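1. Need a 3D model of the sequence below.
(one chain, ligands or ions: 2)
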Amino acid sequence: MRLYRKEGTTIQIISYPHEEVQKGTYLTVEDRNGANSLIVQVISIEYANVPGILEELLRSCEGYSWVQGEDLDPLQIATQVDYIQDARLLTCKIRATNHSGKLISTCSWLPPRSSAIIKRLPIEKLLTQTNVKNAIPLNLGETTEKKELVVDARTLDGGLNIITGKKGTGKSHISKLLTLGLVRSGAPVVVLDLNGEYAGLGRNAEGRPNEFHHKVSILTPGENLKLTLGQLRLSVMMTILVNALSLPGTSAREFRRIWRFLEEKGALSMLELGETIKNWKCNQHVRDALFSRYHTLLGSGLFTDDSTFATSLENSLLKTRVGGAIIINLRDTPTVDRLIVVEYVLGRLVELLSKRKLRAVFLLAEEAHLYLRETYWNDIVTRMRHFGLFTTFITNQPDTIRENIYRQADNLFLFNFNNEHDLETVSRASKVDVETVKSVARDLPPYHCLVLGKAVKDFPVVIRVRYLDVQVMGRTRLFFS
Ligand SMILES: Nc1ncnc2c1ncn2[C@@H]1O[C@H](COP(=O)(O)OP(=O)(O)OP(=O)(O)O)[C@@H](O)[C@H]1O
Ligand SMILES: [Mg+2]
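-> Ligands and ions are numbered 1, 2, ... in the order given. Now for the predicted structure:
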């Protein structure tokens, strides 16, 4: 390989046909004594457009086969010409500079063009160069060099992760892999499962219980997730009413009074609540507003007056303190009820975290825009992070996540996109340069992703996500089998 050009943080390298490189491959460009080097990543591979190549190609094309005669090549240059025709031009991004073993993330040195030595840099070696030991190993899959990529689970701690890519590329799969990796490392995980896909995590592909069987509990609202009003704090109820059910201010104030009244009477139940609203002295519009919300709550099937049917989310959460996952199955839950459940679960989580009953919780949210209210997004990435709620958003519509949220992401798992608009959204918002995202993400095959961020020490790495022996649920139902 030969160094050809450098422009800003981009360098171009000429590579010969026998040299094996792929998009995502890392190379080092060293000086002669190897004291300094640039660490660069190939982001695009083109033919080298040498002057006269078009003419040469036209001359050697099949159309001339009718010409009778013998091919003479006294100077033996035909193979050379073929070699030049097949030469490739690699566009690479500079990721770091190595000054006598010390890595600097900027490009502060220019290699000599005439004598630079260019070599492949195995990803395994690159990631060990940064001197961070994998304290809690988490195997994500294979790199393009067919070596395992094991990251440190601690890099997912305290942060925000985003998994995005077009439909069916394997986003939920990697999110399951992260869930089980975290559970194995002793972390508590809560999954907001929109399609009922995570229910099989406790079983292997044949349906037999696996090592996580007792660590995964599935809570379905209305079935095994039911609450009594006594379990709810007024503040959580108010958030449900105001945010999920859009209860106006005056009515909310009246509801507060009713709640306090029932609390003092020791009669906090759905039945009593209904009766009290009916007989409460207040404006008719307020009563109507309260009644309609009451019926929505009643219709959700989430509330019960019989404490034997009630679920203690607190107990389930406390059990996950030594590693466990709670899957909130939102599959058959109508939109309004989804909002109620999510408000309740998040309210409860924040309460337990702020009382320090739980150290931290990893929250995985699939297509969060369908049940997370506007104001939660920023809250989750700023305020809730300090309480110890670390979120992973999973979506196939990147524009449902706002740009400022992408910027705060500590890790981004980017699967294939070929839609220009989606690529544009992700590339504008991620920490890595636009060209890398656009050029690499467009060509990712299914089950392959580009990992960006802390997990890979800010060196973008392409991996094929590891197979997971768990029962696959929530497949798209088809008419033609
Ligand atoms: N690394 C992998 N190895 C083997 N199978 C995989 C892998 N990743 C995904 N799959 C399979 O591919 C199918 C689609 O994957 P998955 O459901 O994770 O995609 P998705 O991106 O979440 O799709 P959607 O956008 O529809 O939610 C699943 O049947 C899954 O089991
Ligand atoms: Mg999915």
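2. what's the next secondary structure element after the strand or helix carrying V451?
-> Following DSSP states H and E, one finds V451 within strand 448-453. Sequence order places strand 461-465 as the next helix or strand after strand 448-453, per DSSP H and E.
3. wait, does that next one contact ligand 1?
-> Yes: residues of strand 461-465 contacting ligand 1 under CB under 6 Å from any ligand atom: V465. Bear in mind the C-beta positions are built from the backbone N, C-alpha and C, glycine included.
4. Neighbouring strands - and their directions - for that strand?
-> Paired neighbours of strand 461-465 in the sheet (DSSP bridges): strand 137-143 (antiparallel), strand 448-453 (antiparallel).
5. center of this structure, which residue is that?
-> Nearest to the mean C-alpha position of the chain, by CA atoms, centre = their mean, lies I163 at 1.9 Å.
6. in the protein, which helix or strand is least confident?
-> Ranked by mean pLDDT, DSSP states H and E, the weakest helix or strand in the chain is helix 78-86, scoring a mean of 73.
7. which strands and helices sit next to that one?
-> helix 53-59 (3 or more CB pairs under 8 Å, 6 or more residues apart in numbering; DSSP states H and E).
8. What are the contacting residues of the helix it packs on?
-> 81, 84-85 (CB atoms under 8 Å, 6 or more residues apart in numbering).
9. Residue numbers of the chain in contact with ligand 1?
-> Counting by CB under 6 Å from any ligand atom, the chain sits next to ligand 1 at 165, 167-173, 396, 447, 465, 467, 472, 475.
10. Which of those residues fall within helices?
-> Among the residues of the chain next to ligand 1, DSSP state H puts 171-173 in helices.
11. So which of the residues of the chain next to ligand 1 is surrounded by the most neighbours?
-> Neighbour tally across those (other CB atoms under 10 Å): the maximum, 26 neighbours, falls on G165.
12. tell me the contacts of that residue?
-> With CB under 8 Å, 6+ apart, G165 has these contacts: 171, 396, 413-417, 441, 444, 449.
13. and the nearest residue to K171 once chain neighbours are set aside, which of the three is it?
-> Among residues not flanking K171 along the chain, I163 sits closest, at 4.8 Å (CB to CB, 6 or more residues apart in numbering). Here I163 is strand, with the state taken from DSSP: H, G, I helix; E, B strand; the rest coil.
14. which pair in the contacts of G165 spans the largest distance?
-> Within the contacts of G165, N396 and L444 form the most distant pair, 13.9 Å apart (CB to CB).
15. before we move on, back to that, for the strand holding V451, give me every contacting residue.
-> By CB under 8 Å, 6+ apart, strand 448-453 touches 24, 140, 149, 151, 155, 161, 165, 169-170, 174, 409-416, 430-432, 436-437, 440-441, 444, 458, 460-465.
16. coming back round to it: let me have the contacts of G165 in JSON lines, adding pLDDT as columns.
-> Formatted as JSON lines, the contacts of G165 follow (pLDDT from 0 to 100):
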{"residue": "K171", "pLDDT": "94"}
{"residue": "N396", "pLDDT": "91"}
{"residue": "F413", "pLDDT": "95"}
{"residue": "L414", "pLDDT": "94"}
{"residue": "F415", "pLDDT": "95"}
{"residue": "N416", "pLDDT": "94"}
{"residue": "F417", "pLDDT": "91"}
{"residue": "A441", "pLDDT": "91"}
{"residue": "L444", "pLDDT": "92"}
{"residue": "C449", "pLDDT": "94"}
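17. Which of these fall in strands?
-> Counting by DSSP state E, the contacts of G165 place 413-414, 449 in strands.
18. I'd like to know which of these is nearest to N315.
-> For these, the nearest to N315 is F413 (32.3 Å; CB to CB).
19. my read: the closest one touches G170, true?
-> No: using CB atoms under 8 Å, F413 is not in contact with G170; the gap is 9.5 Å.
20. element containing L27, please.
-> Following DSSP H and E, one finds L27 within strand 26-30.
21. I'd like to know which elements that strand is packed against.
-> Against strand 26-30 (3+ CB pairs under 8 Å, 6+ apart) you get strand 10-15, strand 36-47, strand 88-99, strand 117-120.
22. on that earlier part again, now the contacts of strand 448-453: which count as buried?
-> Listed as buried from these are 24, 140, 149, 151, 155, 161, 165, 169-170, 174, 409-416, 430, 432, 436-437, 440-441, 444, 460-465; burial here means 16 or more other CB atoms under 10 Å.
23. low-scoring pLDDT stretches of the protein, where are they?
-> 61-67, 78, 129-134, 474, 481 (pLDDT under 70).
24. go again using 50 as the cut-off
-> 131 (pLDDT under 50).
25. Break it into its domains for me.
-> What automatic domain parsing lists as the domains of the chain is 2-50+79-121, 137-225+311-465, 232-299.
26. out of those domains, deepest packed?
-> Comparing these by mean neighbour count (mean count of other CB atoms under 10 Å), domain 137-225+311-465 ranks first with a mean of 19.
27. Quick one: end-to-end distance for that domain.
-> This stretch, domain 137-225+311-465, spans 15 Å end to end (CA to CA, to the nearest Å).
28. who are the neighbours in contact with D86?
-> Counting by CB under 8 Å, 6+ apart, D86 has contacts 16-17, 47.
29. is it true that N210 touches G202?
-> Yes: taking CB under 8 Å as the definition, N210 is a contact partner of G202 at 6.4 Å.
30. in its sheet, what does the strand holding L27 sit against?
-> If you go by DSSP bridges, strand 26-30 pairs up with strand 36-47 (antiparallel), strand 117-120 (antiparallel).
31. quick revisit: rebuild the domains of the chain as a markdown table, extending it with distance to T128.
-> Output for the domains of the chain, formatted as a markdown table (distance: least, CB to CB, whole Å):
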| stretch | distance to T128 |
| --- | --- |
| domain 2-50+79-121 | 11 |
| domain 137-225+311-465 | 10 |
| domain 232-299 | 47 |
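32. In contact with the closest residue to V242 other than its chain neighbours, which residues are there?
-> Nearest non-adjacent residue to V242, counting by CB to CB, 6+ apart: A252, 5.7 Å away. For A252, the contact set (CB under 8 Å, 6+ apart) comprises 238, 241-242.
33. These into TSV, with extra columns for secondary structure?
-> Below are those laid out as TSV (three-state DSSP):
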residue	secondary structure
M238	helix
L241	helix
V242	helix
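34. how about CSV for those residues, with distance to K319 added?
-> Formatted as CSV, these follow (distance: CB to CB, whole Å):
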residue, distance to K319
M238, 28
L241, 30
V242, 31
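35. is it true that R256 touches L234?
-> Yes: counting by CB under 8 Å, R256 touches L234, with 6.8 Å between them.
36. which residue does the stretch 1-150 of the chain bring closest to ligand 1?
-> In the stretch 1-150 of the chain, the residue that lies nearest ligand 1 is G141 (6.7 Å; CB to the nearest ligand atom).
37. Just grab the bridge partners of that residue for me.
-> Assessed by DSSP bridges, G141 has beta-bridge partners L149, V465.
38. got a list of contacts for the strand holding L27?
-> With contact meaning CB under 8 Å, 6+ apart, strand 26-30 is reached by 1, 3, 11, 13, 21, 36-42, 90, 92, 95, 98, 111, 116-123, 126, 459.
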